[in-house]
Structures are given as C-alpha cells and as structure tokens.
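Visitor: Sequence plus predicted model, see below.
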Amino acid sequence: MKQIVFVSGKGGTGKSTLVASLTLLVENAVFADCDVDAPNLHLLLPGEDLLRQDYSGGSIANIDPDKCVRCGLCRQVCRFDAIDENFVVHPTACEGCAACTVMCPTQAITLYPALTGETRVTQTDRGVFSHAQLAIGADGSGKLVTQVRKNLFDYTKGEDWVLIDGSPGTGCVVIASITGTDAAVVVAEPTPSGRHDLLRVLSVADHFRVPAFVCINKHDLNPELTAAIENDCEERKVPVIGKIPYQPEVVRALRRGQTPVEAGIEDVVEPIRHLWAQLVQALDTPAEDNQEIRHGKTL
C-alpha cells in the first residue's frame, strides 16, 4: 500500500478537486482529508459513517474552589495568563501545560481532557474515507491529522493506494500529513504567490525525504509563470507530472456537488489521468532505472 499526499503552498489551488477526481479514477484505494482546519473533501465524497467520535487533543486545568487557598502561585507560573484574579481558568487561554498543578501547594488544580474536534470514518461508494473537523479556536491540528491517518488504517483491507488530501501551507498539519508517505504531489497555480509558496512546500518535502512531484493547475492562465515554475522544478530536480488547463465549467460542476470526472469535463479529466499514470510510473520504476524522472525532467 502506497501513500500519496496532495499538498499546496496556499489555498485555492485546486488540490481537493484533484483528489476528489482521483477517487473516481484510482481503483482499490482509500482516502483521507487531513485539512482538519477547513475540510471540504467530504462535500464530494458522500457516504455512511462507520465511526464518529469526539476527539480530545489536549488538557485544560480546573481549580477546585474548596481546596484553593488563593496563594497566587498558579497565576505567577502561568505563561498564558489563563487564570484570572478570581482563580478561574479560562479554557480558551489554557494550554494544558500543567505548570500550575506542579506549583499548587494544596493540589487544588487538576487537568481534564479538552474537546478539540471530531473524527469520522465514512464508507463511500469509492472506498473508506477518514476525515475530521478541528473545533473553532482549538489547537493541536497536527495531532488531529495523525489521528485521521490512524483511523483510516484501522479500516483498511489491503488496498493498493492511500490518497491524502493535505492542507495548504508549511505548518504542523502539513508535516503531519507528509511524514511517512511515499510521495507528495504539490499542486501550484501560476501566480507569484503560488510560485513562492510552492518552493516552500518543496523544501518541507525535501527535509522529510519524501519524493516530491508537481502539478500546475490552470497552467494556461499565465504561460510565463508556468514556464518559470517548470524551470524552478528542473533546478531542484523535481518532476512536473501534470499541467491542468483552466476551465470555468469546473466551478459550476463543484457548485452542483460534482467533480470534473462526474461532469464529463474531458479537457480537465484527461490531464488528471495523465498525471496519475506518470506518478504510478515514477513510483513503480526503480531509481537506478529511472534517472530522467529522478533528476527532475518533465514527463
């Protein structure tokens, strides 16, 4: 079973639309949406929940007023100013570091689990799908991503592929999505910010020694920047395995809850098929027999 994560340096590049399309094109696969801050893949992958449970990714302090002697040591040691003058802990400010529990002379402070999100595993007609939603204002998105991936593997049955819709950016959620995967497909668009953020994500993938590939979405909107991105990739020996044209009908299809595959937008679907074929070829070919791919030539 090979794990492929699809990430992007910024939002709005079409990453989730690409993954949703591949759920219809790739056989014997399972799926995960690791963008727990703003998940949207579930909008295009309806199904019946196999698992739905609250997630606790941290702890919050609680002060027992009957035991508290109001000595103030907890307020002195709290770096997050989570304890007010009435010795009440504000949950949104508490980081659960437990420093106050160590300092309290009367053991009036205890930690209890903090509800930080919800996880789901859904059975779709395309395969098992794991996803989650981080609670508003909650921290620990990286931990929740790890739980999403763990939940998925609890329901796998020897499938060939794991397709992971990662989150945009380069933070902990991206790191948690990329770690341990067989390849990262970075989806970029030909804009100055898209080019800049693409290079940042490629650096993350390189740091964690995950083979990276690039897909340029809406490549025909700015041929000059598309060429510049291709040159950047060639310099970094990263293959460009897909170039998808701009098609306004894609947005209209998404509004109807359809992927480009379901809407029959062939001038978009065909490049996606080509991308997947190139990725499979790259992953199935030993490095020593595939020097052109490993040295960043566009396929």
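Guide: Sure thing, it's come through. Only a predicted model underlies this, so the values are computations on that prediction, with no experimental measurement involved.

Visitor: now the helices: where do they sit in this structure?
Guide: Assigned by DSSP state H, the chain shows helices spanning 15-25, 73-77, 99-103, 141-153, 172-178, 192-207, 223-235, 249-255, 260-263, 266-284, 291-294.

Visitor: Any chance of TSV for the ones you listed, columns mean pLDDT and mean neighbour count?
Guide: For the C-beta atoms, the positions are set from N, CA and C on the backbone; glycine is no exception. As requested, these are exported to TSV (pLDDT from 0 to 100; neighbours: other CB atoms under 10 Å):
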stretch	mean pLDDT	mean neighbour count
helix 15-25	96	24
helix 73-77	96	16
helix 99-103	95	17
helix 141-153	92	21
helix 172-178	89	23
helix 192-207	94	18
helix 223-235	96	16
helix 249-255	96	15
helix 260-263	96	19
helix 266-284	95	17
helix 291-294	38	15
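
Visitor: Of all those helices, which one comes closest to residue 112?
Guide: Of all the helices of the chain, helix 99-103 sits nearest to residue 112, with 11.3 Å by CB to CB.

Visitor: which residues sit against the closest one?
Guide: 61, 73-74, 76-79, 83, 107, 109-111 (CB atoms under 8 Å, 6 or more residues apart in numbering).

Visitor: Neighbours of residue 117, how many?
Guide: Residue 117 has 22 neighbours, counted by other CB atoms under 10 Å.

Visitor: Same question for residue 28.
Guide: By other CB under 10 Å, 11 other residues sit near residue 28.

Visitor: ok, now which ones touch the closest residue to it other than its chain neighbours?
Guide: Once flanking residues are discounted, residue 28 sits nearest to residue 160: 4.5 Å by CB to CB, 6 or more residues apart in numbering. Counting by CB under 8 Å, 6+ apart, residue 160 touches 1-2, 27-29.

Visitor: Now residue 160. Its backbone dihedrals?
Guide: Main-chain dihedrals, residue 160, degrees, to the nearest 10: phi -80, psi -30.

Visitor: what's the distance between it and residue 1?
Guide: 6 Å (CB to CB, to the nearest Å).

Visitor: thinking again about what came up before, out of the contacts of residue 160, name the ones that lie in strands.
Guide: Among these, DSSP state E puts 2, 29 in strands.

Visitor: which one of the contacts of residue 160 sits closest to residue 57?
Guide: Compare each of the contacts of residue 160 with residue 57 using CB to CB and the shortest gap goes to residue 1, at 26.2 Å.

Visitor: which residues touch that closest one?
Guide: 156, 158-162.

Visitor: Same list (these) but as TSV, adding distance to residue 203.
Guide: Below are the contacts of residue 1 laid out as TSV (distance: CB to CB, whole Å):
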residue	distance to residue 203
156	31
158	34
159	31
160	30
161	26
162	24
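
Visitor: Drop anything exposed from those.
Guide: Using 16 or more other CB atoms under 10 Å as the burial test, the contacts of residue 1 include 159, 161-162 as buried.

Visitor: With distance to residue 182 and pLDDT added, can I get those residues in CSV?
Guide: Output for those, formatted as CSV (distance: CB to CB, whole Å; pLDDT from 0 to 100):
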residue, distance to residue 182, pLDDT
159, 14, 94
161, 10, 96
162, 9, 97
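
Visitor: Just give me the residue closest to the centre of the chain.
Guide: By CA atoms, centre = their mean, the chain has its centre lying nearest to residue 166, at 2.2 Å.
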